[in-house]
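> Mind folding the following:
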Amino acid sequence: PATAMAPPAPPRFRRTWLDRALAVLRVSQPSMMILRSLIRWPVRALTGALGMALAVAILVASNFFPDALEHMIDMAFHQANRQHAVLFFNNAMPESALEDARRLPGVLQAEGQQYLTAVLTNGHRSKRVVIEARRPGTDLSRVVDEAGAPIDAPPGGLMLSRRLATQLGVGPGDVVEAEFLGLRKGAFDLPVTRLTTQYFGLGAYMDQETADRMFQQAPQVSVINVTLDPAQTEAFEARLKDLPRLAGRAMMLKNLDSFRETISQNILITTTIYTVLGILITVGVAYNGARIQLSERARELASLRILGFTRSEVGFVLVGEIMALALIAQPLGWWIGWLIAKLMTESFASDLYAIPLVFQASTFSTASLIVLAAAFASVLIVRRRLDRLDLVAVMKTRE
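Below is the predicted model:
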């Protein structure tokens, strides 16, 4: 019992290469004490830094969604699909239907394309898709690469999205069997001429002349894309009711507004939840770490006060150690957050959409600022306890 009640022997310190390096750099005594403490308890320091790194990772992994979705919206609605409305017909129409569309109220520009339903097969792998046939150089509905530059399907084959090509197990130069369904039936062996990145749907594209030559038909369209004068939108929609064989229409601006509204609500809820989780983790790690430091080193810190150190200098020893761990945690948290986001994009990918891995510098800086602010606020709460220490009582207490 007497041994158990006795205070622990003071730690043994000896001059190391770190002390010599700090002496050359003329580091202040409180800073040297912080570094010595981190080296003395490396496991505790690493676990504390890891805890705050995970808080940063949660914020990074959750806050990359707005950047990714904005990139998807820009690529889908501003770069690839720049039309204001899309007209769908029950069956393929002669290309002369474009002239009828141009005479509708408010139509500024009209372009056509043809949708062909087909089953693409490569060995034991097959996928039912809609192949979009269009003429080169279209301006309203385009295929764009990752940089946003428009590209056309090379004649004589199929241009596939990378996700579709992965599912079929093909690449440029491979041949797939395309079995067309509907009114234009037939099976053709078509080479894969090019791959492209696409975030919505499983894209398959071919040149319009190639489709016309395969089916030995005159140029036809099953979809017409138009741009509109905003002042005549209502007149345009009213006139559509009189068009024969019109199966439906899609107003792209309304779709974009609806998509943004739905996504914004979901993102706001998701980011709020994960921000709160990140703050709670940071507060838990930083506050508990500071409380443990204060309880274990109360006599040591009180001794510094007695030796002549000011309150700010003694408080710096306590606060500086936790904030040093918080700073060390930032790069590790960025990397873990990037890795989690990468895994999320891969797991969320489906036939409907794929989320791109897009990060802005503000994503990392915002996550770091939130964690650093939460850690600093937590440590300041404990520092107030340090300022109120009864030096005489602490020195009489057995550790």
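> Can you give me every residue that contacts the nearest residue to residue 219 once chain neighbours are set aside?
For residue 219, ignoring the flanking residues on the chain, the nearest one in space by C-beta to C-beta, 6 or more residues apart in numbering is residue 95 at 4.1 Å. For glycine as for every other residue, the C-beta is placed from the backbone atoms N, C-alpha and C. When contacts are counted by C-beta atoms under 8 Å, 6 or more residues apart in numbering, residue 95 is found next to 112, 218, 219, 220, 221.
> Might you report the residue contacts of the third one?
Residues touching residue 219, when contacts are defined by C-beta under 8 Å, 6+ apart, comprise 94, 95, 208, 212.
> picking that back up, okay, the contacts of residue 95 in JSON lines with secondary structure and distance to residue 377 next?
Rendered in JSON lines, the data for the contacts of residue 95 read as follows (DSSP: H, G, I helix; E, B strand; the rest coil; distance: C-beta to C-beta, whole Å):
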{"residue": "112", "secondary structure": "strand", "distance to residue 377": "61"}
{"residue": "218", "secondary structure": "coil", "distance to residue 377": "73"}
{"residue": "219", "secondary structure": "coil", "distance to residue 377": "68"}
{"residue": "220", "secondary structure": "strand", "distance to residue 377": "67"}
{"residue": "221", "secondary structure": "strand", "distance to residue 377": "62"}
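> I only care about those residues that end up buried; give me the PyMOL line for that.
The PyMOL selection below is limited to those of these classed as buried (16 or more other C-beta atoms under 10 Å):
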select buried, resi 112+219+220+221
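> What is the nearest of the contacts of residue 95 to residue 82?
Nearest to residue 82 among those is residue 112, at 15.0 Å by C-beta to C-beta.
> roughly how far apart are that closest one and residue 30?
Taking C-beta to C-beta, to the nearest Å as the criterion, residue 112 is separated from residue 30 by 75 Å.
> cool, residue 350 as well?
According to C-beta to C-beta, residue 350 stands 55 Å off from residue 30.
> which of these two has more neighbours?
Remark: of residue 350 and residue 30, residue 30 carries more neighbours, 18 against 10, as counted by other C-beta atoms under 10 Å.
> Residue 247 against residue 93, yeah?
No - Residue 247 lies out of contact with residue 93 (C-beta atoms under 8 Å); the separation is 10.9 Å.
> Comparing those two, which residue is more hemmed in?
For the pair residue 247 and residue 93, the greater number of neighbours falls to residue 93 (21 against 11), based on other C-beta under 10 Å.
> ok, back up a step: tell me the pLDDT at the residue nearest to residue 219?
pLDDT, the model's per-residue confidence, is 84 for residue 95.
> Ok, residue 360 next?
On pLDDT, residue 360 comes in at 85.
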